[in-house]
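**Student:** What would the 3D arrangement of this be:
(one chain, ligands or ions: 1)
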Amino acid sequence: MAATLHTHEPPAAPFAAAEIETARLRLRMFTPADLDALAELTSDPEVMRYIGHGRTLTRDETHANLSNIITAFRRRGYGRWALVWKETGALVGYCGLSGGSEEIGVELAYMLARREWGRGLALEAGRAVLRYGFEVLGLGEVAGLTLRGNLRSRRVLERLGMSYVRDTHFHGFECSHYRVAREDWRDTPAPFHTVG
Ligand SMILES: CC(C)(COP(=O)(O)OP(=O)(O)OC[C@H]1O[C@@H](n2cnc3c(N)ncnc32)[C@H](O)[C@@H]1OP(=O)(O)O)[C@@H](O)C(=O)NCCC(=O)NCCS
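**Tutor:** Here you go, the predicted model:
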């Protein structure tokens, strides 16, 4: 649920702009050229239903979000990766790590185009990002925060091995908090390859 503002920044990692490859996806840094494709996602009411205030974003709002995503990635060397099909390069959505708050810490975030739901892509990307977080960035734990009613997202977090912590209020939103610690995280033999 990471479309809202962030107050707590985790320590910056050396800039690498790493790309990650999974069985079907490439996770690369967003560029300004992704605006059209991203605006298609953020203008879909079903995609935005459980993001922030649950309303679609204008093109200008998406442009501002995209600039924030790119700036944050450059500053930290990681952040929200653009998810693209390896075969076509078409944008599927995003998955990545963003700073939450003091009590939540680093948070896993993802958003897929409606047409890509039901293919296990959030699971595939989420696994790769968790692996990157634990093995490359050396994070001790990663949180998942979702609006209580977002059952699809809660299923993704549970399938990623996250445990339910509690229901909580986050930036005024009623959320469910999940987390996975590195020592509890179970990697899977899924293809994972970092570039750069
Ligand atoms: C949350 C969201 C990513 C979940 O998408 P999803 O498609 O349900 O999740 P996955 O990509 O992991 O796919 C899992 C589904 O794919 C199916 N599937 C198909 N092929 C699969 C494969 N090769 N591997 C695994 N699962 C597969 C699974 O059976 C499962 O279906 P089910 O949910 O009907 O049981 C998506 O609804 C979304 O982007 N929503 C809008 C943004 C949002 O709410 N983000 C989260 C904010 S916290």
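**Student:** what does the protein have sitting close to the ligand?
**Tutor:** 1, 47, 50-51, 93, 110-112, 117-123, 146, 150, 152-153, 155-156 (CB under 6 Å from any ligand atom). Using the backbone N, CA and C atoms, a C-beta is placed for each residue, glycine as well.
**Student:** again, only this time at 5 Å
**Tutor:** Selection of the chain residues close to the ligand by CB under 5 Å from any ligand atom yields 1, 47, 50, 111-112, 117-123, 146, 152-153, 156.
**Student:** Regarding residue 26, which helix or strand does it belong to?
**Tutor:** strand 25-28 (DSSP states H and E).
**Student:** mean confidence score for that strand?
**Tutor:** Mean pLDDT, computed over strand 25-28, is 97.
**Student:** Listing partners with orientation, what would you give for that strand?
**Tutor:** As defined by DSSP bridges, the strand partners of strand 25-28 come to strand 19-21 (antiparallel), strand 80-85 (antiparallel).
**Student:** after that strand comes which helix or strand?
**Tutor:** Next element after strand 25-28 (DSSP H and E): helix 35-42.
**Student:** Name the residues of the helix or strand that comes right after that next one that are buried.
**Tutor:** Per DSSP H and E, the first helix or strand lying C-terminal to helix 35-42 is helix 45-48. By neighbour count on 16 or more other CB atoms under 10 Å, the buried set for helix 45-48 is 47, 48.
**Student:** try stretch 170-180
**Tutor:** Buried residues in stretch 170-180 (16+ other CB under 10 Å): 170, 173, 175, 176, 177, 178, 179, 180.
**Student:** and which of those is nearest residue 18?
**Tutor:** Distance to residue 18 across the buried residues of stretch 170-180 (CB to CB) is lowest for residue 180, with 20.6 Å.
**Student:** Ramachandran coordinates for the residue of the chain found nearest the ligand?
**Tutor:** Closest approach between the chain and the ligand, counting by CB to the nearest ligand atom: residue 120, at 2.3 Å. Dihedral pair for residue 120: phi 80, psi 20, per degrees, to the nearest 10.
**Student:** right, and residue 106 touches residue 140 too?
**Tutor:** No. In this structure residue 106 lies outside contact range of residue 140 using CB atoms under 8 Å: 9.1 Å.
**Student:** This protein: helices as residue ranges?
**Tutor:** 35-42, 45-48, 59-76, 121-131, 151-159 (DSSP state H).
**Student:** Quick check: buried residues in the first one?
**Tutor:** To tie it back to what came earlier, the one meant is helix 35-42. So helix 35-42, judged by 16+ other CB under 10 Å, has buried residues 35, 37, 38, 39, 41, 42.
**Student:** can you tell me which residues contact residue 35?
**Tutor:** By CB atoms under 8 Å, 6 or more residues apart in numbering, residue 35 lies in contact with 59, 62, 63, 66.
**Student:** quick revisit: identify, out of the helices of the chain, the most deeply packed stretch.
**Tutor:** helix 121-131 (a mean of 22; mean count of other CB atoms under 10 Å).
**Student:** Give me the residues contacting it.
**Tutor:** 20, 22-25, 27, 81, 83, 92-93, 95-97, 108, 110, 112, 142, 156, 159-161, 180, 185, 187-188, 190, 192.
**Student:** Noted, bye for now.
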